[in-house]
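Visitor: Give the three-dimensional model of this entry:
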Amino acid sequence: MSLGPILVFDSGAGGLSVVAALRHRLPEAALAYACDNAMLPYGVREDSWLVRRILAVCEAAVAASGCVTLVVACNTASTLALDALRSRLSVPVVGTVPAIKPAAALSRSGHIGLLATSATVARPYTLRLIETFAAHCRVTRVAADALVREAERWLAGETPDAEVVRQALAPLWEDPALDTVVLGCTHFPLLRDVLAAAAPREIAWVDSSEAIARRTAQVAAGVASHRGPGESFATARDPRLADGLAHFGFAPPQLLRVP
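Guide: Okay, here's the model as predicted:
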């Protein structure tokens, strides 16, 4: 019996930051990629609308790809719609959460930063993570929605705007004791080198990609098909996206029609 791929979903190209970890952990598994680039960025949109949109796009992508597992490589979508997706879809769903627990354990000073979208930094789910795993830490939450566009520009081969990056990171540097930053949006690890270069001191940057890959390996073990050309899907045509996806081993995106 021919089995389907593992489908990675994000609002845009941010989920590609998880692909390398998935391929390292599951080198033989086929991967597919889907993004809702027509509605990028998710982090500034209204919650109830987002839930409906995420369900519609993921249902369409799961059907189009024939996947055996869905990886929601988007913090905003995961903190908002994970339960709804698991109730609606027939395939296992792996979510993404900000890496607050490992960051709190890593920090020597007890002051960590959370760099994420507006939606993620304010989400009750995120606040519960902080209360559960970082109650002993000071957590500076910074909404950095502008970095989503800069990551998309980087993927398209453009140079991120240094001033936009500087302004986005500025609130993190007010306390010199802050030593660890959670990249709480999957777009942000794509800019890791850019962010590190803009930091005034050495910082530990922590993301969720390895944890996502470990969980996916548990869920999809012995189920996903052997690796082949990776299909991709998008909700809007964008030649720059095709170039970026090709860099990560995916075919040009097929247009995903969403009700």
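Visitor: Tell me where the stretch 1-150 of the chain has helices.
Guide: 16-25, 47-65, 75-88, 100-106, 118-122, 124-133, 146-155 (DSSP state H, counting those that start in this stretch).
Visitor: Output those in JSON lines; the columns should cover mean pLDDT, mean neighbour count and distance to R166.
Guide: The way it works is simple: take the backbone N, C-alpha and C, and place the C-beta from them, glycine included. Shown next, in JSON lines, are these (pLDDT from 0 to 100; neighbours: other C-beta atoms under 10 Å; distance: least, C-beta to C-beta, whole Å):
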{"stretch": "helix 16-25", "mean pLDDT": "93", "mean neighbour count": "21", "distance to R166": "22"}
{"stretch": "helix 47-65", "mean pLDDT": "95", "mean neighbour count": "18", "distance to R166": "29"}
{"stretch": "helix 75-88", "mean pLDDT": "92", "mean neighbour count": "21", "distance to R166": "23"}
{"stretch": "helix 100-106", "mean pLDDT": "97", "mean neighbour count": "19", "distance to R166": "22"}
{"stretch": "helix 118-122", "mean pLDDT": "86", "mean neighbour count": "21", "distance to R166": "19"}
{"stretch": "helix 124-133", "mean pLDDT": "94", "mean neighbour count": "15", "distance to R166": "25"}
{"stretch": "helix 146-155", "mean pLDDT": "92", "mean neighbour count": "22", "distance to R166": "11"}
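Visitor: For A197, find the nearest of those helices.
Guide: helix 146-155 (12.6 Å; C-beta to C-beta).
Visitor: and the angle for that closest one with helix 16-25?
Guide: Angle of helix 146-155 versus helix 16-25, following axes from the mean of the first three to the mean of the last three C-alpha atoms, to 10 degrees, is 60 degrees.
Visitor: In contact with the nearest residue to A20 once chain neighbours are set aside, which residues are there?
Guide: Nearest residue to A20, sequence neighbours excluded (C-beta to C-beta, 6 or more residues apart in numbering): S209, at 7.3 Å. By C-beta atoms under 8 Å, 6 or more residues apart in numbering, S209 lies in contact with S17, V18, A20, A21, T186, P189.
Visitor: How about the second one: what's its closest non-neighbour residue?
Guide: Okay, so that is V18. Excluding the flanking residues, the one nearest V18 by C-beta to C-beta, 6+ apart is A73, at 4.4 Å.
Visitor: so what's T235 up against?
Guide: Contacts of T235 (C-beta under 8 Å, 6+ apart): C35, D36, N37, A38, M39, V57, L255, L256, V258.
Visitor: shaky segments in the stretch 151-259 of the chain?
Guide: 222-229 (pLDDT under 70).
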